[in-house]
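>>> Mind looking at a prediction? Sequence and model below.
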Amino acid sequence: MANDTARSVFQRDGDYFVATDLARGPWDARALHGGAPAALLAHVAEQNAGHEFVLARLTFELSRPVPLAALQVHAEASRGRSARRITLELEHDGAVVGRAIALMLREQQVVVPDTRSDPLTPAPEQCSAQFETPGMPTGAFFHDQAMEIRVATGSTREAGPAAAWFRPRVALVEGVETSAAMRAAAAADFGNGLSWVLPFDDYLFTNTDLTVYLHRAPVGEWIGVDAQTVAQPNGVGLSSSTLYDTSGRIGMAHQNLLIRKR
């Protein structure tokens, strides 16, 4: 395992993607932040679909915590001319720890009405507030050292909706240029932590899945996430996020939440 001086979230070792300390999530020091494997799966999906296809949807089911360890990704691609589905399995030590389906669409030029949306404001260069959720650990964690986060609206120190800008500080996969889809997948998993409604010290509100929709690839290095969370007394919640680049809206993300008292 790499230490906290690692300069990537995953390092390659043959057929394995070895998670470094920078992949660690806040809920369990032995498990990954969901954004780390989501970005990895987006990368593998792009490699299997072909360069003329773009990620339109990624649905990732986190059936169990993804361990901070060496992982393998197995992918099977359909061969559609306009749409390809990439079925992905994330394995550790021969056991499946996550499954995903990536829907990849072939881009083609069409004439449509003007659908430009208002951008998320303030812009990242105008934001200085940091991601500081009370009780959330700091140090060699995906949310603290692998990602640069600038809060745009709301406050992560208080419960309620909030929006922030995200960009990777390090390579997500060693030796791989971080693609637009990888950046979007990495940022999309932050909705529940960004717009928390229950205190981190008292409750677990981990997401059991992540679905990301992209109607266009983000441009530039920053991904905006404008999130809102709903929690119910039956221990189930939902975080919904609108995703942006600095030009406007690029998609949506949803996370089902499993809520438990600590």
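Yes, it's here.

>>> how many neighbours does residue 93 have?
A count of nearby residues for residue 93, using other C-beta atoms under 10 Å, gives 10. In short, each C-beta sits where N, CA and C put it, glycine included.

>>> Tell me how far the closest residue to it other than its chain neighbours lies from residue 226.
Leaving out its chain neighbours, the residue that sits closest to residue 93 by C-beta to C-beta, 6 or more residues apart in numbering is residue 69, at 7.6 Å. To residue 226, residue 69 is 33 Å away according to C-beta to C-beta, to the nearest Å.

>>> what about the two, which has more around it?
Between residue 69 and residue 226, counting by other C-beta under 10 Å, residue 226 is the more crowded of the two (21 against 17).

>>> Now do the SS call for the more buried one.
Judged by DSSP: H, G, I helix; E, B strand; the rest coil, the three-state class of residue 226 is strand.

>>> need the contact list for residue 97.
By C-beta atoms under 8 Å, 6 or more residues apart in numbering, residue 97 lies in contact with 63-67, 71, 90-91.

>>> switch the cut-off to 6 Å
64, 66, 90 (C-beta atoms under 6 Å, 6 or more residues apart in numbering).

>>> Quick one: low-confidence residue ranges for the protein.
Within the chain, the stretches with pLDDT under 70 are 1-5.

>>> For it, which segments are assigned as strands?
Along the chain, counting by DSSP state E, strands occupy 8-13, 16-19, 53-61, 70-77, 83-92, 95-106, 147-153, 162-168, 171-173, 203-207, 209-214, 223-231, 236-245, 248-261.

>>> Show residues contacting the second one.
Strand 16-19 has contacts (C-beta under 6 Å, 6+ apart) with 10-11, 32, 40, 68, 70-72.

>>> One more: the fourth one?
Contacts made with strand 70-77 from outside it, assessed by C-beta under 6 Å, 6+ apart, are listed as 15-18, 44, 48, 84, 86-92.

>>> Quick check: neighbours of it in the sheet, parallel or antiparallel?
The strands that strand 70-77 pairs with in its sheet are strand 16-19 (antiparallel), strand 83-92 (antiparallel) (by DSSP bridges).

>>> wait, which of those is closest to residue 159?
Across the strands paired with strand 70-77, residue 159 has its closest neighbour in strand 16-19 (30.4 Å, C-beta to C-beta).

>>> This completes my enquiry, with thanks.
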